[in-house]
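K.L.:
Okay, here's the prediction I keep looking at, along with the sequence it came from:
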Amino acid sequence: MSNVETEPAELRCGALADDGALGDDGRQAGTPLVHVLSAREVPLGGPRAMRVRRTLPQRTRTLIGAWCFADHYGPDNVTTTGGMDIAPHPHTGLQTVSWLFSGEVEHRDSLGTRALIRPGEMNLMTGGYGICHSEISTSRTTVIHGVQLWVALPEEHRNADRDFQHYVPETVRINGVEIRVFLGSLAGSTSPVRTFTPLVGAEITLEPLAAITLAVDTAFEHGLLVDSGDVRLIDTVLRTAELGYVPCGADALTVVNESDGPARVILLGGPPFEEEIVMWWNFIGRSHEDIVRAREDWEASSGRFGAVEGFPGDRLPAPTLPNAIITPRRNPPHR
């Protein structure tokens, strides 16, 4: 998915966004273990465009592991919103993860891939040095609902070759809870999909009042994005579209559905991403110059990104760059 804001902010990102001292348990002094992040609404296009709720990046938290972008959308009736209609656009320095709860989206990219995104099936695309793709909800779609996630690539692999992977995870059922692990390992299930840093990504659905305690890696920080229901993460209740952040150090996460109806969440995690990155529009680089070069290459239709064949329309133009040069933010020291 593209970030189609006409004036996207240029973000200087580090692994940690909190400037306060941390206690022995990883908590910032005087704050709860779970930090609650609220979403902001962003339109994907014109006046009838589908709107998304964006929880990453934001001022208080720019990354969770290598997860650097999280859009949550729907459920939207496509007759009202027009559905998803995103023309060919570029990406660099990242992987995109598409996951649907309902609906169907056709993905085309400059590798020549033409694939459908369906509920419970993950599509992961590696942008690396440069790729472009389009996404359109199909005529069979009446309600579209899902998440779009980005993963920052480490310096060693940020110019990796273009790639596309499709994976249908098994469903793990435990006492009224269903878990689908699309990246990494959780609850005895492991995804074979290749990533360039350790990650975990999973959909968890809970029957009314169901609860589960999940063993997790203490080296990972985690985020729990609530799609539906009121969900308690450890000692904090999260509402729909909120993301609860848990710093490194936890060896288990307890998730409880506090609702009388079913609840659904997305769990994300990974070790802190220690590299500094600059993210603007659909590009991730290490400097302002990286972004300028990528934008120029896209506008010049260079071979860096290739072309999407069969899309019935024009590609997205790049927005105008801000009148500022911003260097990456240094990570706060570990205390």
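P.N.:
Noted; the coordinates are in hand.
K.L.:
can you pull out the strands in the stretch 201-335 of the chain?
P.N.:
According to DSSP state E, counting those that start in this stretch, the stretch 201-335 of the chain carries its strands in the segments 211-215, 221-228, 231-233, 236-238, 243-246, 252-257, 263-270, 277-280, 283-285.
K.L.:
Roughly how far does residue 87 sit from residue 129?
P.N.:
According to Cβ to Cβ, to the nearest Å, residue 87 and residue 129 sit 21 Å apart. C-beta coordinates here come from the backbone N, C-alpha and C atoms, glycine included.
K.L.:
Among the two, which residue is more densely surrounded?
P.N.:
Legend: neighbour count by other Cβ atoms under 10 Å for residue 87 and residue 129, higher for residue 87 (20 against 17).
K.L.:
Quick one: residues contacting that one.
P.N.:
Residue 87 makes contacts with 134, 311, 313, 314, 315, 316, as judged by Cβ atoms under 8 Å, 6 or more residues apart in numbering.
K.L.:
Among those residues, which one sits closest to residue 270?
P.N.:
Taking Cβ to Cβ as the measure, residue 134 is the one of those closest to residue 270, at 28.2 Å.
K.L.:
just the helices in the chain please.
P.N.:
Taking DSSP state H as the criterion, the chain carries its helices at 78-81, 288-299.
K.L.:
how about these in CSV, adding distance to residue 191?
P.N.:
Shown next, in CSV, are those (distance: least, Cβ to Cβ, whole Å):
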stretch, distance to residue 191
helix 78-81, 29
helix 288-299, 29
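K.L.:
Residue 33 is nearest to which of these?
P.N.:
helix 288-299 (35.4 Å).
K.L.:
Can you mark which positions in the closest one are buried?
P.N.:
288, 290, 291, 294, 295, 297, 298 (16 or more other Cβ atoms under 10 Å).
K.L.:
that older thread, which one of the contacts of residue 87 is nearest residue 229?
P.N.:
Nearest to residue 229 out of the contacts of residue 87 is residue 134 (Cβ to Cβ; 32.8 Å).
K.L.:
ok, that closest one - contacts?
P.N.:
86, 87, 88, 89, 107, 108, 109, 308, 311.
K.L.:
try 7 Å this time
P.N.:
86, 87, 88, 108, 308, 311 (Cβ atoms under 7 Å, 6 or more residues apart in numbering).
K.L.:
Can you tell me, leaving aside adjacent residues, what's nearest to the first one?
P.N.:
Right, residue 86. Leaving aside its chain neighbours, residue 86 sits nearest to residue 135 (4.6 Å; criterion: Cβ to Cβ, 6 or more residues apart in numbering).
K.L.:
Equivalent analysis for the second one, please.
P.N.:
Leaving out its chain neighbours, the residue that sits closest to residue 87 by Cβ to Cβ, 6+ apart is residue 316, at 4.9 Å.
K.L.:
The last one now?
P.N.:
With Cβ to Cβ, 6+ apart as the criterion, residue 311 has its nearest non-adjacent residue at 4.8 Å, and that residue is residue 134.
K.L.:
For that neighbour, give its distance to residue 240.
P.N.:
For residue 134 relative to residue 240 (Cβ to Cβ), the value is 29 Å.
K.L.:
and what of residue 58?
P.N.:
Applying Cβ to Cβ, the value for residue 58 to residue 240 is 17 Å.
K.L.:
same question, residue 193
P.N.:
Residue 193 is 28 Å from residue 240, by Cβ to Cβ.
K.L.:
Ramachandran coordinates for residue 138?
P.N.:
Per-residue torsions, residue 138: phi -80, psi 170 (degrees, to the nearest 10).
K.L.:
Please indicate which of the contacts of residue 87 has the highest neighbour count?
P.N.:
Greatest neighbour count in those, by other Cβ under 10 Å, goes to residue 134: 24 neighbours.
K.L.:
Beta-bridge partners for the residue nearest the centre of the chain, please?
P.N.:
Compute the mean C-alpha point of the chain, and by Cα atoms, centre = their mean the closest residue is residue 149, 1.9 Å away. For residue 149, the beta-bridge partners are residue 70, residue 97 (DSSP bridges).
K.L.:
That one touches residue 69, doesn't it?
P.N.:
Yes. Here residue 149 reaches residue 69: they are 6.5 Å apart, a contact under Cβ atoms under 7 Å.
K.L.:
on that earlier part again, next up, the contacts around the residue nearest to residue 86.
P.N.:
Here residue 135 is in contact with 1, 84, 86, 105, 107 (criterion: Cβ under 7 Å, 6+ apart).
K.L.:
And those, which is the shakiest by pLDDT?
P.N.:
Lowest in pLDDT among the contacts of residue 135 is residue 1, which has 55.
K.L.:
In the protein, where is pLDDT below threshold?
P.N.:
Applying pLDDT under 70 to the chain flags residues 1-32, 45-49, 326-335.
K.L.:
mind listing which of the contacts of residue 135 are in strands?
P.N.:
86, 105, 107 (DSSP state E).
K.L.:
wait, which of those residues is closest to residue 228?
P.N.:
residue 105 (20.0 Å).
K.L.:
my guess is the closest one contacts residue 86, does it?
P.N.:
No. Counting by Cβ under 7 Å, residue 105 sits too far from residue 86 to count as a contact (9.1 Å).
K.L.:
what number of residues lie near residue 77?
P.N.:
Residue 77 has 12 neighbours, counted by other Cβ under 10 Å.
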